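Enquirer: Quick one: sequence plus predicted model below, questions after.
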Amino acid sequence: MEKYLNKQQDCRDLEEKPLCIFLNTYYDKFLESHYAKNSHLISASYTEQMDSLQGECFGDSDFYSEGLKKAGWKAEDLVVNCHPLQQAWARENSFSGDGLEIAIEQIRRKRPQVVYLQDTSIGTAAFLSALRPHTELIVGQIASPVQSQTDIHGFDIVFSSFAHFVERFRRASITSYYQPLAFDSRVLEKLQTSPKQYAATFVGGMSPVHGRGQKILEELSELVPIDCWGYGAETLPPDSAIRAHHHGEVWGREMFSVLQRSRVTVNRHIDVAETCANNMRLYEATGCGAMLVTDYKDNLSELFEIGAEVVAYRTPQEAAALIEYYSRYPQEAEEIAAAGRERTVADHSYTSRMKQTAEILSRHLRYRRQDGRFPQPDMSRISYGLTSIQDSEVTEDLTCAWQSEDIPAKQRALVQKELDDMYKGKAPVIYRVLSEMLRSHIRPGDSVLEIGCASGYYYEILEYLMNKRIGYTGVDYSEPLISMARDYYPQVEFVVADGANLPFSDSQFIAAISSGVLIHVPNYRRHIAETARVAKEFVVAHRTPVCRKRATQYFKKFAYGIETVELCFNENEILSEFVSHGLKLIDLFEFSSDAARDEYGVTYLFRCTA
């Protein structure tokens, strides 16, 4: 075990502070406007131009890179479609090239561990192939239709604020993470404090991709007066109700200033968002202190408390009614705006998002570097030699078997194979069962305890498959397994403890998962009592072997070469034990069955009622 951990330390030491370079593209109209207002920049240095551009807080600005730096990485930004900026770099670095050739050279010289494309439309097969020799991971972010020229399979990881895109990417064998967008409070430091000037505003583009949203805005503008800003006004029909109150384009700090001076601001999503709340305006508006009136989406309540932090509409008429109501009761609007701002600053910051990104990128870099370190698991030696015994034959050696130092590396070899399958869109059924059972019951940030966590891999699995950040805690009675868990997931709390005597308060966790541990403990009744005690709302008995015609069976077997005890429970008996502790069965999934042998593998979900 010590030898194993030393190898892991060696892996981390390869790069104490890895570098990520973000490739950004800015709207052409913003670049034209900025350089027209600052003509001296054309001949300015690369650093001066970059500082000027990022000082405007346009788009992603340096929000991602600064957040990643706070998470312990090095990070830099490139604006690859800004011709004068990139030409300045080429001049200063004696490079003859143009367009994306310059970006490739910048990457070649820096050799970052990660290249992160904020605009996947530039991720053609040729461009990604040119980057590949100079970095370890190529990452993309997308929340718009995938362009025909984009080689989406050429990315190692794709982030999206569209949960439905994430699921589709995974089905296409692409490693994809759901990650909402965010707000950088540094923006507020660059704005002058101003009184509320506008009763109701809309800030955003007018374009065909906003088809349904555009229609909503047109109808809304006919019902109530709304001051509008944004690009694309020239595409509006001559009789558009929006035209009369459209004030032109605003970018970066000017846009944030308009939002800050708005009592109420309206949001609507592009058609491709479907039922997913995702856009930047959710966070920009609330972060600037405007009361947000946004179109209702299925996941909106996971981001904000509807009615308390934002308000939502389903029709233009409902949006108009909300605007009229809050114009009559401005104090209520101010209270909602203040709560929305507080929620955004607390939960939707780039600091928080990039902490997660740093964790994900570090994990995948580690897995890539460790590729081949673990031997292919011998499936015939994982679980074998099952022999029936009497309960009186259970010895201390059998119950303590999983504390062996020989198990962690062997088990992790199997886990790494299964994780690799998961990231290729082929998650094992037991991973999917637990994630799907909990998905609709666990909210972002909820506390989850796993008892029998082994090396902690369900932390990684649950967050990936549920598309939610959770407050995970892992418990196992094996010091070697917990040591490995802490090594793989240093940001997570892991505790060495017996599941029959947990060191936690009553109802401390929203959900408690008994993760295949009951089958190895003859004192399972005490384990169930403790699991029920520390759970506030839900208990899961995961990977539970049961029989339906026989009494509870006792066995001994070899697990990874170590002899251990294993139980197969009479289903009625084990369910009755959970019920006796105030738990109500609300869901189950039978992931394996052999009726002829009266053997079933089931995961049970209980709700706490006591």
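Expert: Everything's here; your move.

Enquirer: quick one: secondary structure of the nearest residue to residue 340 once chain neighbours are set aside?
Expert: Nearest residue to residue 340, sequence neighbours excluded (CB to CB, 6 or more residues apart in numbering): residue 286, at 3.8 Å. Where C-beta positions appear, they are placed from N, C-alpha and C, glycine not excepted. Put simply, residue 286 is helix when judged by DSSP: H, G, I helix; E, B strand; the rest coil.

Enquirer: ok, residue 286 touching residue 344?
Expert: Yes - when contacts are counted by CB atoms under 8 Å, residue 286 is listed as touching residue 344 (4.4 Å).

Enquirer: May I have the phi/psi pair for residue 553?
Expert: phi -110, psi 140 (degrees, to the nearest 10).

Enquirer: can you name the farthest residue from the center of the chain?
Expert: Distance from the centre of the chain peaks at residue 392, with 47.8 Å (CA atoms, centre = their mean).

Enquirer: Distance of residue 601 relative to residue 571?
Expert: 11 Å (CB to CB, to the nearest Å).

Enquirer: For the two, list the residues in contact with both.
Expert: residue 546 (CB atoms under 8 Å, 6 or more residues apart in numbering).

Enquirer: Using PDB, write down the CA coordinates of stretch 179-193.
Expert: Presented in PDB, the C-alpha positions along stretch 179-193 are these (Å, rounded to 0.1, in the frame of the first residue of the first chain):
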ATOM      1  CA  GLN A 179     -21.800  23.000 -15.300                       C
ATOM      2  CA  PRO A 180     -24.000  26.100 -15.000                       C
ATOM      3  CA  LEU A 181     -22.600  29.500 -15.900                       C
ATOM      4  CA  ALA A 182     -21.700  32.100 -13.300                       C
ATOM      5  CA  PHE A 183     -21.000  35.700 -12.200                       C
ATOM      6  CA  ASP A 184     -17.800  37.500 -11.200                       C
ATOM      7  CA  SER A 185     -18.400  40.000  -8.500                       C
ATOM      8  CA  ARG A 186     -15.300  41.900  -9.500                       C
ATOM      9  CA  VAL A 187     -17.600  43.500 -12.200                       C
ATOM     10  CA  LEU A 188     -19.300  45.500  -9.500                       C
ATOM     11  CA  GLU A 189     -16.100  47.100  -8.500                       C
ATOM     12  CA  LYS A 190     -15.800  48.600 -12.000                       C
ATOM     13  CA  LEU A 191     -19.300  50.200 -12.000                       C
ATOM     14  CA  GLN A 192     -20.300  53.500 -10.400                       C
ATOM     15  CA  THR A 193     -23.100  53.100  -7.900                       C
END
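
Enquirer: So for that stretch, what gets flagged as buried?
Expert: 179, 180, 181, 182, 183, 184, 187, 188, 191 (16 or more other CB atoms under 10 Å).

Enquirer: now do stretch 160-168
Expert: 160, 161, 162, 163, 164, 165, 166.

Enquirer: Can you pull the phi and psi angles for the second one?
Expert: Recorded main-chain torsions at residue 161 are phi -90, psi 0, according to degrees, to the nearest 10.

Enquirer: quick one: it and residue 177 touch, right?
Expert: No - using CB under 8 Å as the test, residue 161 is too far from residue 177 to be in contact (10.2 Å).

Enquirer: on that earlier part again, what's the closest of the buried residues of stretch 179-193 to residue 407?
Expert: Checking those against residue 407 with CB to CB, the nearest one is residue 179 at 34.0 Å.

Enquirer: Contacts only, for the residue lying closest to residue 18 once chain neighbours are set aside.
Expert: In space, and not counting its chain neighbours, residue 18 is closest to residue 113: 4.0 Å by CB to CB, 6+ apart. Neighbour list for residue 113: 15, 18, 19, 20, 135, 136, 137, 361, 365 [criterion: CB under 8 Å, 6+ apart].

Enquirer: Which member of the residues you listed is positioned nearest residue 470?
Expert: Distance to residue 470 across the contacts of residue 113 (CB to CB) is lowest for residue 361, with 19.2 Å.
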